[in-house]
Each structure stands twice: as structure tokens, then as C-alpha cells.
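**Student:** compute the structure for the input listed below.
(one chain, ligands or ions: 3)
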Amino acid sequence: MLQEEEGKPSVAAAKLRVPHVLTVAGSDSGAGAGIQADLKACAARGVYCSTVITAVTAQNTVGVQGVNIVVEDFVREQLKSVLSDMHPDVVKTGMLPSPGIVKVLCQSLKEFQVKALVVDPVMVSTSGDVLAGPMMLASFREELLPMADIVTPNLREASALLGGVALETVADMRSAAKSIHDIGPRNVLVKGGDLPASSDAVDVLFDGKDFYDFRSSRIKTFNSHGTGCTLASSIAAELAKGSSVFSAVKIAKRYVETALDYSRDILIGGGQQGPFDHFMKLKGNSMKSSRRPFEPSNLLLYAVTDSRMNKKWGRSIRDAVKAAVEGGATIVQLREKDADTGDFLEAAKACLEVCRHHGVPFLINDRIDVALACDADGVHVGQSDMPVRVARTILGPDKIIGISCKTPVQAEKAWIDGADYIGCGGVYPTNTKENNITVGLDGLKKVCLESKLPVVAIGGIGISNVKPVMELGAPNLEGVAVVSALFDRESVLVETEKLRRMIMDSTKAVK
Ligand SMILES: Cc1ncc(COP(=O)(O)OP(=O)(O)O)c(N)n1
Ligand SMILES: Cc1nc(C(=O)O)sc1CCOP(=O)(O)O
Ligand SMILES: [Mg+2]
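**Tutor:** Residues are numbered from 1 along each chain as shown. Ligands and ions are numbered 1, 2, ... in the order given. Modelled structure (predicted):
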């Protein structure tokens with residue numbers, strides 16, 4: 001019985017078992033395919049992934065430069081380490097470079113039972129390099145496939161497994177799926193990505209009784225290296241979560257298509273077979289767009305938009321934001337209370353482009369979904385909006401989260417919950433926000449004194465009254481957030497320049 005050490009939870013106390021896939025495959029140094037793709041796919045699909053490495057390849061976007069096969073005994077040792085202790089739900093296989101390794105794997109799977117076995121019968125890489133030679137065919141056919149719950153050959157692999165038959169049509173794929181099923185696996189997914197003369201990508205699933213066609217439009221991209229590994233791992237991940245084979249294939253295909261589509265224009269390597277982005281995050285960090293970490297000084301002049309004001313003055317939200325940024329705003333928040341979601345998102349994308357170009361952080365008011373959809377730099381939430389802790393879990397550690405606070409107690413909670421800054425107001429009465437409680441300069445000072453986070457003052461602030469705010473001398477007060485003083489004016493550019501100058505002068509006066 002495990003005893004609880006003082007201060008440390010016992011292993012037995014950790015009760016939350018998570019779905020787990022073990023991948024038995026080769027390492028790809030370029031990390032587009034193989035073990036690395038499997039790890040990324042499982043992580044992206046919310047499943048734990050352990051790894052048994054069968055070979056180490058020297059590989060990049062051009063091709064495979066070298067292969068070093070791991071000795072059978074050491075593959076056996078890795079399998080035993082994982083299977084005997086960690087009890088994966090599903091085993092997924094990729095590159096199995098020798099008949100001896102297949103034998104070791106099959107023995108281990110007989111000794112340690114798992115819920116499902118997914119076999120991706122890897123033989124040739126996307127670049128055309130051989131990863132498992134013809135001597136592997138007998139091992140696959142006689143030992144591994146009969147144990148598989150699903151096998152996922154592409155056209156070349158399906159043809160090789162069947163002695164070289166030609167596969168040129170969907171009808172050929174069906175007949176191949178049936179013949180491979182006769183070898184023993186419970187389900188066969190023949191992938192038709194390489195089928196000639198077809199605008200759609202068609203995969204055929206055969207479960208021993210029925211055929212299912214999965215059709216999707218072909219995604220034109222060079223960044224498809226690792227698609228097969230990722231699809232098989234994603235199927236394994238869904239099976240580990242408890243899906244049926246049909247649902248697992250459907251969800252896995254949708255995931256791969258979405259990731260391929262997202263990644264069609266990313267650039268990694270100079271070859272013809274680029275990797276894709278399993279987490280659909282890389283473009284947000286594109287070298288073209290400058291995204292810097294949040295600094296308290298970003299709060300100096302915070303421009304918060306208002307669609308009614310921009311409509312009144314006959315300008316688009318994008319033009320208003322552009323003028324504010326060019327006039328010296330140091331952070332922007334899109335606060336569109338009346339906009340439809342689609343319009344809000346389009347405006348957000350346009351404003352984000354402007355802000356990125358100027359290196360100014362761009363936040364969304366209230367709507368976490370819109371912030372995620374456009375990959376904004378963060379959100380601003382109020383006390384009755386999405387709680388900061390939940391927003392942080394959804395948005396991750398890098399995004400900026402601001403929260404409105406009117407009291408020191410709220411400010412303390414904001415810090416504990418993981419916010420980046422506090423918006424404190426209303427400093428003065430405002431017509432922009434209905435029924436807003438005015439806390440005054442005193443209320444602002446109290447929050448600033450207790451806050452462990454940087455604070456931006458908001459509410460009724462403009463040219464005529466910004467000085468007393470900035471000269472309050474309150475610790476943590478970094479700047480002012482304004483709506484009408486910038487946007488309910490004829491020239492956003494001129495007003496922003498004027499306010500920025502006044503803030504700078506007040507800051508100098510305080511120092
Ligand atoms: C910088 C900043 N501070 C405060 C607010 C107000 O947020 P909230 O209380 O959620 O009210 P709404 O803006 O949603 O009406 C803010 N938006 N920005
Ligand atoms: C959006 C908002 N929040 C406030 C708060 O007190 O939290 S006051 C406010 C409106 C600020 O607009 P203006 O600069 O036009 O007064
Ligand atoms: Mg709000």
C-alpha cells in the first residue's frame with residue numbers, strides 16, 4: 001500500500017485516468033511525421049501519448065537521408081516498460097522496419113492486452129523513400145494485420161499488401177479494402193489521396209459488412225508531410241476516448257483536413273514536403289506580424305472602440321482604429337456591443353492586421369470566442385463576464401487578460417485568477433456605459449494601492465481631465481482608457497495625438 005509522504009500526494013490519490021495511446025514508430029528528425037507527428041496529434045486531440053521508437057531517421061522536407069534501426073531487444077524493452085506500467089488504451093503502429101520488430105511487437109501485444117490496435121502500414125515516405133522494404137509484407141500479412149482493429153493503407157501500401165494490384169478508381173479501392181479485410185483486420189481504411197483524376201479526396205472504410213466513403217475537397221498544399229501518421233494517431237486517439245471506429249475515422253479526418261487547410265501557406269524547410277501545424281497556432285506567431293509580450297507600459301493610452309460613435313462620424317471601425325494607433329494609442333480594445341458575431345469577427349480581423357503592423361496589442365471586449373477566432377492578443381472582461389480563471393484556461397498563458405475592478409477585493413482576486421491588468425473606473429461619470437458606478441479618483445487610488453497588477457483608469461476621461469488622473473501619483477497606475485474622447489470626435493488622429501501629448505506631459509510632471 002502506498003503511503004502518503006508529508007506534503008506530497010500519494011500516487012493512489014491521483015484518480016483521473018486519461019485516454020492513452022502508445023505509438024510504436026520511427027523518429028523523424030524533421031518532426032513532420034513519425035513519432036513526432038503522433039505525439040503532436042494525440043496532444044492536439046487531448047490524449048496522452050507514450051512512445052516506443054523502432055528507428056531513428058535523418059529526415060527533412062527534402063527526403064530521408066538516413067535510417068538507423070533500433071535493435072529488437074531494445075524495442076522489446078521499451079514496449080515492456082510502457083505496457084507493463086502505463087496500460088495504454090490503444091496501440092498505434094507506424095514505421096516497423098524489420099520482421100523481428102513486428103514479431104517482438106506481436107508477442108508484447110499478446111502479453112499485455114490493449115483496447116484496440118491501429119496499424120498504419122508505413123512502407124514508403126511521402127518523399128518516395130523506402131521505410132519498410134518488401135520483406136516486411138509477409139510479417140504484416142501473417143502476424144500484424146490479423147491482430148489489428150483497423151489498418152490504414154494508402155493506395156501504394158494497399159496495392160503492395162495485395163501483391164501489386166492496380167488501384168485507380170473508388171471501385172478498385174473498395175475491392176482492395178475487402179481483400180485486405182480477408183487478411184484479418186476488423187476494419188480497413190483505404191486512403192485515396194493519391195487517386196488520379198479526382199477533385200475530391202476519397203477514403204473508403206470497410207468494416208467487414210458495409211463500405212463507407214469519406215469525401216472531402218482536396219487541399220492544395222506542399223505541407224502534407226506526416227498526414228498518414230497523423231490520421232492514424234488521431235483515429236487511435238478517438239478510439240482511446242471511447243469512439244466507435246466509424247466516428248473515430250470521421251473525427252480524425254476532419255481534424256487532419258482542418259490542420260492541413262490552416263497550414264497551407266506556412267513555410268518550414270526548402271523541400272517539397274513541408275510539415276503542417278497540428279495545433280493550428282503557428283501562423284499567429286508569423287515572422288511577418290510583430291507580436292510582443294505584454295508590458296504594463298502598453299496601458300499608457302488605451303483606445304476602446306464604439307461602433308455607434310464610428311457610425312455617427314461615418315467611418316469604419318478599421319479606419320478609426322488605424323487613426324488611433326497612428327495618433328499614438330498604445331493598446332486597442334474592440335468593444336462592439338451591438339455588432340452581429342460575423343461582423344464583429346470581420347472587424348476584429350481587419351483591426352488586428354492594423355495593430356500587428358504597428359506592434360500594438362489588440363484585445364476583444366467580452367467575447368472570448370471572437371478573440372480565439374481571430375487570434376487576438378487577448379480579451380477584456382468585466383465582473384459579470386467570463387471569469388478570468390476560465391478565460392485563462394481557454395486562452396492559454398500567452399494571451400493578455402484584463403478585468404474591470406472597482407474595489408481592492410476585486411483587484412486581489414484578479415491577481416489570484418491570473419489576469420494581466422486591471423481596468424478601474426468609472427473615474428468620472430460617463431455616457432458611454434449605462435448605469436456605471438463612479439468610483440472617483442479616490443476609488444481609483446484605493447484600487448491602485450492594493451493592486452499587484454498594473455492598472456488603467458477608465459470612465460469619462462479626456463483632454464480636460466486627464467491631468468489629475470495621471471498626476472494622482474498612484475502606484476501601478478499605468479495610463480488611461482478612453483472611448484468618447486477619441487472616437488466621438490471628428491478626427492480620431494488629432495484627438496489621440498493631443499491626449500497622448502497631455503499624458504506624456506503629466507507623466508513628466510510626476511517624475
Ligand atoms: C480597459 C477597460 N476597463 C474596463 C472596461 C469595462 O468592462 P466591463 O465592465 O466588462 O464593461 P463592458 O465594457 O463590457 O461594457 C473595459 N471595457 N475596458
Ligand atoms: C467601457 C467602460 N467601462 C467603464 C468602467 O468603469 O469600468 S467606464 C466605460 C466607458 C468609458 O467610456 P468613455 O471614455 O467614453 O467615458
Ligand atoms: Mg464586459
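
**Student:** only C-alpha atoms for contact and neighbour calcs from this point on.
**Tutor:** Noted.

**Student:** which helices and strands sit right next to the helix or strand where residue 77 lies?
**Tutor:** Element membership for residue 77 (DSSP states H and E) is helix 72-86. Helices and strands touching helix 72-86, as assessed by 3 or more C-alpha pairs under 8 Å, 6 or more residues apart in numbering; DSSP states H and E, comprise strand 48-59, helix 99-111.

**Student:** and the closest residue in space to residue 492 that isn't next to it in sequence, what does it touch?
**Tutor:** Nearest residue to residue 492, sequence neighbours excluded (C-alpha to C-alpha, 6 or more residues apart in numbering): residue 486, at 5.3 Å. Shown in contact with residue 486 (C-alpha atoms under 8 Å, 6 or more residues apart in numbering): 303, 324, 492, 495, 496.

**Student:** again, 6 Å this time
**Tutor:** 492, 495, 496 (C-alpha atoms under 6 Å, 6 or more residues apart in numbering).

**Student:** what is the rounded mean pLDDT of the helix or strand where it lies?
**Tutor:** Counting by DSSP H and E, the element that carries residue 486 is helix 484-487. Mean pLDDT, helix 484-487: 98.

**Student:** so which of the contacts of residue 486 is the most crowded?
**Tutor:** residue 496 (26 neighbours; other C-alpha atoms under 10 Å).

**Student:** report the separation between that residue and ligand 1.
**Tutor:** Using C-alpha to the nearest ligand atom, to the nearest Å, residue 496 is found at 16 Å from ligand 1.

**Student:** try residue 506
**Tutor:** 20 Å.

**Student:** just residue 487 next, same as before
**Tutor:** 14 Å.

**Student:** next one: residue 382
**Tutor:** For residue 382, the distance to ligand 1 - C-alpha to the nearest ligand atom - is 3 Å.

**Student:** and the residue of this protein closest to ligand 3?
**Tutor:** residue 382 (4.2 Å; C-alpha to the ion).

**Student:** hang on, isn't that residue packed against residue 403?
**Tutor:** Yes. Counting by C-alpha atoms under 6 Å, residue 382 touches residue 403, with 5.5 Å between them.

**Student:** what parts of the chain come near ligand 3?
**Tutor:** Within the chain, the positions lying close to ligand 3 (C-alpha under 5 Å from the ion) are 366, 381, 382.

**Student:** next, count neighbours for residue 133.
**Tutor:** Based on other C-alpha under 10 Å, the number of other residues close to residue 133 is 13.

**Student:** give me the pLDDT for the closest residue to it other than its chain neighbours.
**Tutor:** Spatial nearest neighbour of residue 133, excluding adjacent residues (C-alpha to C-alpha, 6+ apart): residue 123 at 6.6 Å. Note for residue 123: predicted pLDDT of 86.

**Student:** now swap in residue 406 and tell me
**Tutor:** At residue 406, pLDDT is 98.

**Student:** how about the nearest residue to it, chain neighbours excluded?
**Tutor:** According to C-alpha to C-alpha, 6+ apart, the nearest residue to residue 406 is residue 424 (5.7 Å).

**Student:** and the one you found, its phi and psi?
**Tutor:** phi -120, psi 130 (degrees, to the nearest 10).

**Student:** and it, bridged to which residues?
**Tutor:** For residue 424, the beta-bridge partners under DSSP bridges are residue 405, residue 457.

**Student:** and if you look at residue 28?
**Tutor:** Bridge pairing for residue 28 - DSSP bridges - gives residue 57.

**Student:** what is the burial count for it?
**Tutor:** Residues near residue 28, counting by other C-alpha under 10 Å: 21.

**Student:** with the one 4 residues further on instead?
**Tutor:** Residues near residue 32, counting by other C-alpha under 10 Å, number 29.

**Student:** and if you look at residue 187?
**Tutor:** 23.

**Student:** so it touches residue 152, yeah?
**Tutor:** No. Judged on C-alpha under 6 Å, residue 187 makes no contact with residue 152 at a distance of 8.8 Å.

**Student:** the following helix or strand past the helix holding residue 486: how far from the chain's middle?
**Tutor:** Counting by DSSP H and E, the next helix or strand C-terminal to helix 484-487 is helix 492-510. With C-alpha atoms, centre = their mean, to the nearest Å as the basis, helix 492-510 stands 39 Å off its chain's centre.

**Student:** residue numbers of the stretch 251-400 of the chain in contact with ligand 1?
**Tutor:** Residues of the stretch 251-400 of the chain lying close to ligand 1 (C-alpha under 6 Å from any ligand atom) are 365, 366, 380, 381, 382.

**Student:** one more pass at 5 Å, please.
**Tutor:** 381, 382 (C-alpha under 5 Å from any ligand atom).

**Student:** shouldn't the residue nearest to residue 133 be in contact with residue 134?
**Tutor:** No. Using C-alpha under 6 Å, residue 123 makes no contact with residue 134, being 8.3 Å away.

**Student:** between these two, which is the more surrounded one?
**Tutor:** residue 123 (24 against 12).

**Student:** dihedrals phi and psi, the more buried one?
**Tutor:** phi -130, psi -40.

**Student:** distance of residue 403 from residue 370?
**Tutor:** Per C-alpha to C-alpha, to the nearest Å, residue 403 is found 17 Å from residue 370.

**Student:** what do you get for residue 108?
**Tutor:** On the measure of C-alpha to C-alpha, residue 108 and residue 370 end up 48 Å apart.

**Student:** okay, these two: which has more neighbours?
**Tutor:** residue 370 (20 against 17).

**Student:** which residue sits closest to the more buried one, ignoring its sequence neighbours?
**Tutor:** residue 345 (5.9 Å).
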